[in-house]
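J.: Quick one, what's the 3D model for this:
(4 chains)
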There are 2 protein chains.
Amino acid sequence: MGRSNTREEILTSATRLFAAAGYKGTSLHDIAVDVGCSKAALLYHFDSKEAILTQLCAPAIAELEQLQDRLEVLEPAPARTAAIEGFVDLSMRYRKEIQVIYGDLPGLLQRPAFQRVHLLTQRLCEILTGPSGTPVSAVAAKLVLAGIPAIAFAADQGMHCYPDEELRAALIEAATRALAPLT
Amino acid sequence: MGRSNTREEILTSATRLFAAAGYKGTSLHDIAVDVGCSKAALLYHFDSKEAILTQLCAPAIAELEQLQDRLEVLEPAPARTAAIEGFVDLSMRYRKEIQVIYGDLPGLLQRPAFQRVHLLTQRLCEILTGPSGTPVSAVAAKLVLAGIPAIAFAADQGMHCYPDEELRAALIEAATRALAPLT
DNA sequence: CTCAAAGCTGGCCGATCGGTCAGTAACTGA
DNA sequence: TCAGTTACTGACCGATCGGCCAGCTTTGAG
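T.: Sure, this is the predicted structure:
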């Protein structure tokens, strides 16, 4: 147990600032001022600016991996339902972190830590598409996987007109409808 | 008619580089090297780095405005259909520019040039939701409006597994299905 | 009490950033 | 032919960036 909670405060401040101005748009100085410590203190607790980014995204990535593990042992149909609900929940729970990632997509996608996310998303897409996947259903799956976090992203930017519960239910319903087979 | 086409080459290079590394992640030096001219030449043709960004996004924004103008004079039902098709087409035609915008969302959304985009998107959302809009249909509209450009964005990042025509048709179908009333 | 570890600071570093400026070569209309 | 505009260069500027380091204070186990 550490003797101060500065480390957590740094992650909290960095998450908010990265989400608001982007990773490259936020300097170590900005974070230090927000936390109320020196710039050197940041680099005492973390190896580098990039290390801060990696650490604050770690919980979200870990939960995404756990979601995938849970889905892998299910049959296709229940897996799809669980995938939609799980992905909606995850996107809403980690709004801020999604804002951070979306705020610097081109720069982040090439980093090793986020290539894992790319693979996870691809697997999720396969689960949503199902075994009898047509091109149309694959595109629909990508639409849902891209749109849900984007809404969670926008929900913090002033578009937050519905309470969380209602938003969650609406997202699940809209996603399910988009993915439903034509019949 | 100018005596050189350097200006266009700058916009072309800047679009590609901004899309690949983000606005803040691309320096004037990077662009100059790509174009094959000096950094000072960039600032001879454009007032500033931000002016380059503004100019290269201008055509996409202008077309979005034209789309809205076309939709405003239609009845709700055909407006919705036209909105889906028009938005899909626009997203695919301006993939690179969307990558640029998505690559620096937090920093860009606050700039005056992009607040207009925000308003346009809100209006598009109302058109998609229709006159009898429920919260669920509003969220579905936002899902579609966020997901479509995100797919166009990802389509250039290696996910480009379908030919454009097929992708376009699949997007329109998935979006239409997501927005369809429950009945 | 002692002392090493933990926590933190101010100052400094080289690199890079966007942007400016004086100067110049080339083309053009009169 | 020649003045003037266009197009461009290389050198330079102040600001800011991420990161490093010597040293100070606080803390808690022995």
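J.: Only C-alpha atoms from now on, for both contacts and neighbour counts.
T.: Fine.
J.: quick one: the residue nearest the centre of chain A from DNA strand C, how far?
T.: For chain A, the residue nearest the mean C-alpha position is residue A:98 (3.9 Å; CA atoms, centre = their mean). Look at residue A:98 and DNA strand C: by CA to the nearest atom of the strand, to the nearest Å, they are 25 Å apart.
J.: And residue A:83, by the same measure?
T.: Noted for residue A:83: a distance of 39 Å to DNA strand C, by CA to the nearest atom of the strand.
J.: Residue A:149 now?
T.: Plainly put, residue A:149 is 29 Å away from DNA strand C if you go by CA to the nearest atom of the strand.
J.: where's that residue, which helix or strand?
T.: If you go by DSSP states H and E, residue A:149 is part of helix A:135-155.
J.: quick one: that helix to chain centroid distance?
T.: Taking CA atoms, centre = their mean, to the nearest Å, one finds the center of helix A:135-155 at 13 Å from the center of the full chain.
J.: for that helix, packing partners?
T.: Packing contacts for helix A:135-155, counted by 3 or more CA pairs under 8 Å, 6 or more residues apart in numbering or on different chains; DSSP states H and E, involve helix A:76-93, helix A:95-103, helix A:112-129, helix A:164-179, helix B:135-155, helix B:164-179.
J.: Mean pLDDT lowest where, among those helices?
T.: Lowest mean pLDDT within these: helix A:112-129, at a mean of 77.
J.: and for it, what are the contacting residues?
T.: Here helix A:112-129 makes contact (CA atoms under 8 Å, 6 or more residues apart in numbering or on different chains) with A:54, A:61, A:64-65, A:68, A:76, A:79-80, A:83-84, A:108-109, A:137-138, A:140-142, A:145, A:179.
J.: Next, the buried residues of it.
T.: If you call a residue buried by 16 or more other CA atoms under 10 Å in any protein chain shown, then helix A:112-129 has these buried ones: A:114, A:117, A:120-122, A:124-129.
J.: What of stretch A:10-19?
T.: By neighbour count on 16+ other CA under 10 Å, the buried set for stretch A:10-19 is A:10-19.
J.: which among those residues gets closest to DNA strand C?
T.: Distance to DNA strand C across those (CA to the nearest atom of the strand) is lowest for residue A:10, with 9.4 Å.
J.: Distance-wise, check that closest one relative to residue B:96.
T.: Plainly put, residue A:10 is 35 Å away from residue B:96 if you go by CA to CA, to the nearest Å.
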